[in-house]
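> Mind looking at a prediction? Sequence and model below.
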Amino acid sequence: MLIDPAEIQKVANMFFNAAHEDIAHSVNQLYEALKRKEKAPIDELLEEMIFEIVDHFEMEEEMMKDSEFFGYPMHKAEHDQMRKELYELSEEWKSSRDIEKLRTFLEEKLVPWLKLHVAQWDSITATHIGD
């Protein structure tokens, strides 16, 4: 396991918390396949993880707009940057099939980013939106 869902800060919105747990589960499934160097399931697991993350971003952005969250532009900009990196990662994987590059991205970029993003932006946003 790369990320224990308990390591992700809980926020004041049950939807956000559930989505963060789903994302952690997707990250962990992909990570385990990478550790086993099983290329066959990696394509599907990578797409599932990206879908989980992007879907969460889209729902969260709708909730921010609906609640007129003051930090929407800055919060969305962080989502946009990670979306870009995830799509680039997917394209890189398709062309290189480099397991180590994918594993390194999860360990050194995505998981630290996720923890920090939740603690900073999602925490503030969830407090504004509520349950």
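Perfect, I can see it now.

> contacts for the helix or strand that residue 18 is a member of?
Assigned by DSSP states H and E, residue 18 falls within helix 14-35. By CB atoms under 8 Å, 6 or more residues apart in numbering, the surrounding residues in contact with helix 14-35 are 1-5, 8, 10-11, 41-42, 45-46, 48-49, 52-53, 56, 59-60, 63, 99, 102-103, 106, 110-111, 114, 118, 122, 125-126, 131. Using the backbone N, CA and C atoms, a C-beta is placed for each residue, glycine as well.

> Check these for burial and list the buried ones.
2-3, 5, 8, 11, 42, 45-46, 48-49, 52-53, 56, 60, 63, 99, 102-103, 106, 110-111, 114, 118, 122, 125-126 (16 or more other CB atoms under 10 Å).

> circling back to that earlier point, please compute how far the helix holding residue 18 lies from its chain's middle.
8 Å (CA atoms, centre = their mean, to the nearest Å).

> I'd like the mean pLDDT over it, please.
When pLDDT is averaged over helix 14-35, the result is 97.

> So residue 26 versus residue 39, what's the distance?
Look at residue 26 and residue 39: by CB to CB, to the nearest Å, they are 18 Å apart.

> Residue 92 now?
14 Å.

> again with residue 20
28 Å.
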